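S.K.: can't give you the sequence, but here's the structure:
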């Protein structure tokens, strides 16, 4: 009944994390067969480049995973990997939109908005859908990643992170709770009258619902976002006081995400990485020029806090009805960019994984070619991915639709098949 998406923006390399390619090691330094003169997003490519990190067998399933993320590797037996994902875009902004909405253009509802529309609110005092941006900034294309598009505006995501709590929730001095409630009731009466005179105005109705939710959040949100209520051992497990300020900030966001889930928020998107900066790979996983040093900076931020979140969800029994998703917008090339030790964009192959409610652990679906250049076996689309997510939530992806501009629109457009082999 709940979903958390961990989104590593910047196109996290499948070849250096979850997709083991022994042929890439064997042929390191040689041209990519058949694509010796390949030109990709930023230009000409060099020869094949093996991962700087060793892959090791993890768990009873023996899945080869990168030593770059040792703590996440502990969950190999609970993860279902989809190695054959591919995208319609090789640009970060449209790629993030495609992964979050099923379309490369702006204006379409995000997956979280569709879940809010289909399942409704579980807690009347909190948003149904929360987006938690990285402390370094919003992902590529910003708020469009959690927009409600043509769905009623009440289904858009609420953006909040541990560094920027919801503002203006505290009552002013001298205003009692009784006076505040009386004022709210009078305002509700005026709003209902105003709306009745403008029947069918969903923007107005959503704005009123947003303000009413904000009023209820004055009581609920401070409690949920108060990380001081957590034990010292919990804070240590997540790494919220780590000397690495970026890791500590992401850890606090992980802890905040867990608190939102256990208080009934339906859908949480947790970002690790922001939009592009003037230096490739500085603010997110976009390692064009210096793969090793970039990922040795980003991986510690992701690994311990995310693993702690998974352990915490499991210990509290929340994985019984919470689906955990890890994803990025597309993959990276098996070659190095000419003149660099980084990898360029690769929309033709990337990996995602799921874990938790209804997912069969320790399995892999689909595969890329021996070098990880392209998805080749059991190719999976974003629409298949979300057809599977909706199925796990008890929904038929072909039935969750909204009539807009003469078309019954769906998250999965006119595509999508449930990936049955990763279902428990």
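M.R.: That came in fine, so what should we check first? Not measured: the values here are computed from a predicted model. Numbering: from 1, shown residues only.
S.K.: do you know the pLDDT at the residue of the chain most remote from its centre?
M.R.: Residue farthest from the centre of the chain, counting by CA atoms, centre = their mean, is residue 174 at 42.1 Å. Residue 174 carries a pLDDT value of 87.
S.K.: am I right that it falls within a helix?
M.R.: No - under DSSP: H, G, I helix; E, B strand; the rest coil, residue 174 falls outside any helix and is assigned coil.
S.K.: give me the phi and psi for it.
M.R.: phi 90, psi 0 (degrees, to the nearest 10).
S.K.: state the distance from it to residue 182.
M.R.: 15 Å (CB to CB, to the nearest Å). For the C-beta atoms, the positions are set from N, CA and C on the backbone; glycine is no exception.
S.K.: what do you get for residue 1?
M.R.: Going from residue 1 to residue 182 by CB to CB gives 36 Å.
S.K.: next, the buried residues of the helix or strand of the chain with the lowest mean pLDDT.
M.R.: The helix or strand of the chain with the poorest confidence is helix 202-224; it has a mean of 77 (mean pLDDT, DSSP states H and E). Going by neighbour count (16 or more other CB atoms under 10 Å), the buried part of helix 202-224 is 205-206, 208, 213, 215, 217-218, 220-221, 224.
S.K.: same deal with stretch 310-320?
M.R.: Buried residues in stretch 310-320, counting neighbours by 16+ other CB under 10 Å, are found at 310, 312-314, 318-319.
S.K.: format these as a markdown table; extra columns: secondary structure and pLDDT.
M.R.: As requested, these are exported to a markdown table (DSSP: H, G, I helix; E, B strand; the rest coil; pLDDT from 0 to 100):
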| residue | secondary structure | pLDDT |
| --- | --- | --- |
| 310 | helix | 98 |
| 312 | helix | 98 |
| 313 | helix | 98 |
| 314 | helix | 97 |
| 318 | helix | 97 |
| 319 | helix | 96 |
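S.K.: among the residues you listed, find me the one that's closest to residue 375.
M.R.: residue 310 (26.1 Å; CB to CB).
S.K.: now distance to residue 6 too, for the buried residues of helix 202-224, in a markdown table please.
M.R.: Below are the buried residues of helix 202-224 laid out as a markdown table (distance: CB to CB, whole Å):
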| residue | distance to residue 6 |
| --- | --- |
| 205 | 33 |
| 206 | 28 |
| 208 | 33 |
| 213 | 25 |
| 215 | 31 |
| 217 | 24 |
| 218 | 29 |
| 220 | 24 |
| 221 | 22 |
| 224 | 19 |
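S.K.: just these now: which is nearest residue 305?
M.R.: Distances from residue 305 to the buried residues of helix 202-224, taken by CB to CB, are shortest for residue 224, at 18.4 Å.
S.K.: show me where this protein has its helices.
M.R.: Listed in chain order, the helices of the chain (DSSP state H) span 22-26, 92-101, 111-119, 177-196, 202-224, 232-238, 245-262, 291-315, 382-392.
S.K.: what's the closest of those to residue 324?
M.R.: helix 291-315 (6.6 Å).
S.K.: and that closest one, what's buried?
M.R.: 291, 294-295, 297-310, 312-314.
S.K.: for residue 247, which non-adjacent residue is spatially closest?
M.R.: In space, and not counting its chain neighbours, residue 247 is closest to residue 301: 4.5 Å by CB to CB, 6 or more residues apart in numbering.
S.K.: I misspoke; the intended subject was residue 1.
M.R.: Closest residue to residue 1 apart from its sequence neighbours, by CB to CB, 6+ apart: residue 321 at 4.9 Å.
S.K.: just residue 380 next, same as before
M.R.: residue 84 is the one closest to residue 380 (CB to CB, 6+ apart), at 4.8 Å.
S.K.: could you do residue 24 as well?
M.R.: Nearest-residue entry for residue 24: residue 50, 5.0 Å, with adjacent residues in sequence omitted and distances by CB to CB, 6+ apart.
S.K.: check contacts around the one you found.
M.R.: Applying CB atoms under 8 Å, 6 or more residues apart in numbering, we find residue 50 in contact with 24-25, 28.
S.K.: and these, which is closest to residue 56?
M.R.: residue 25 (13.5 Å).
S.K.: ok, how many other residues are close to that closest one?
M.R.: Residues within reach of residue 25, counting by other CB atoms under 10 Å, total 13.
S.K.: quick one: average confidence on stretch 24-43?
M.R.: 91.
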